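In: got a sequence here, can you build the structure:
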Amino acid sequence: MGSDSFYRTSATNAVLLGAMLLRSTFLGAVLAALVAASASAAPTLAPLKRCYVVAQETDTQREAISIAGSGFSSRSIVDILVDDIHVASPQALYDGTVVGGSVRAPFIESGQRAFTVRLAEQNNPANTVTATSLVTRFSVEQSPKSARTNQYVRFSGRGFTGPGPIYAHYLFAGKSRRTVKIAVPRDDCGTFSVRRKQFSFTKRPRLGAWTIQFDQAPIYSPLTAAKVPLVINVKKAPKIKRKPARVRLPASS
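Out: Next comes the predicted model:
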């Protein structure tokens, strides 16, 4: 029995729901510290997360970046730029603080890269502050592209920045059939790369379309906030036609 799989689940299939996008909120202590800063001091920007996640190009599928700064001129207009692209222009408060709400992380096709967030006061180039973070594409890949169901393959992914390990939920006909703990995410952008049997819990999975949902929830739910589905089409392996053996007759004397 073999399988023909869509080996790469690009972020076009990955999903980020509100629970993940709203994680980037203002921390009271950070905002209080910014408010306390003197308006005459050099501009400062609240620390960014180490890595942000994007699944698709739409705003709702790119993680939010909370913006808070201080040290700007009272009631000045401050431009917010992401990778030098203007995204907003809030007005500073009387004490020089900037509460810019949130902007979206820049979209990336694959992998991860660094990006910048810059706050620049209009008509006052000296009042500028820049910070750098990382952005990663939420995705999972399987290699090789096609494999036998009992063959070892490599699952690798990124963007699993939530708490806890990564799980693979095997779904068939709309029902969860098995959940396997697949890996523990590494580094700031939640990457992983492991070798596992494509179907470690059965030698003969049922024929048809299986979905492996990768997420960080130990129990499967279709409502999980951040998930990546990988579709595996299981079908019978083609039979190998064997050529009949040639029979050699003894040579006549």
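In: and stretch 68-75, end to end?
Out: Length of stretch 68-75, first residue to last, Cα to Cα, to the nearest Å: 15 Å.
In: for that stretch, buried residues please.
Out: 68, 69, 70, 71, 72, 73 (16 or more other Cβ atoms under 10 Å). Placement of C-beta: from N, CA and C, glycine included.
In: how far away is the fourth one from residue 191?
Out: Relative to residue 191, residue 71 is positioned 36 Å away (criterion: Cβ to Cβ, to the nearest Å).
In: just residue 153 next, same as before
Out: 17 Å.
In: between the two, which is the more surrounded one?
Out: Neighbours were counted for residue 153 and for residue 191 using other Cβ atoms under 10 Å; residue 153 has more, 22 against 19.
In: ok, the more buried one - contacts?
Out: 142, 143, 144, 147, 195, 196, 197, 198 (Cβ atoms under 8 Å, 6 or more residues apart in numbering).
In: now list the buried members of those.
Out: 142, 147, 197, 198.
In: who's the third one bridged to?
Out: It refers to residue 197. residue 152 (DSSP bridges).
In: cool, residue 99 as well?
Out: residue 68.
In: over to the one 4 residues further on?
Out: Taking DSSP bridges, one finds residue 65 as the beta-bridge partners of residue 103.
In: distance of it from residue 138?
Out: Relative to residue 138, and taking Cβ to Cβ, residue 103 is found at 18 Å.
In: looking at those two, which one has more neighbours?
Out: residue 138 (30 against 19).
In: for burial, what's the neighbour tally of the residue lying closest to that one once chain neighbours are set aside?
Out: Excluding the flanking residues, the one nearest residue 138 by Cβ to Cβ, 6 or more residues apart in numbering is residue 159, at 3.4 Å. Residue 159: 29 surrounding residues under other Cβ under 10 Å.
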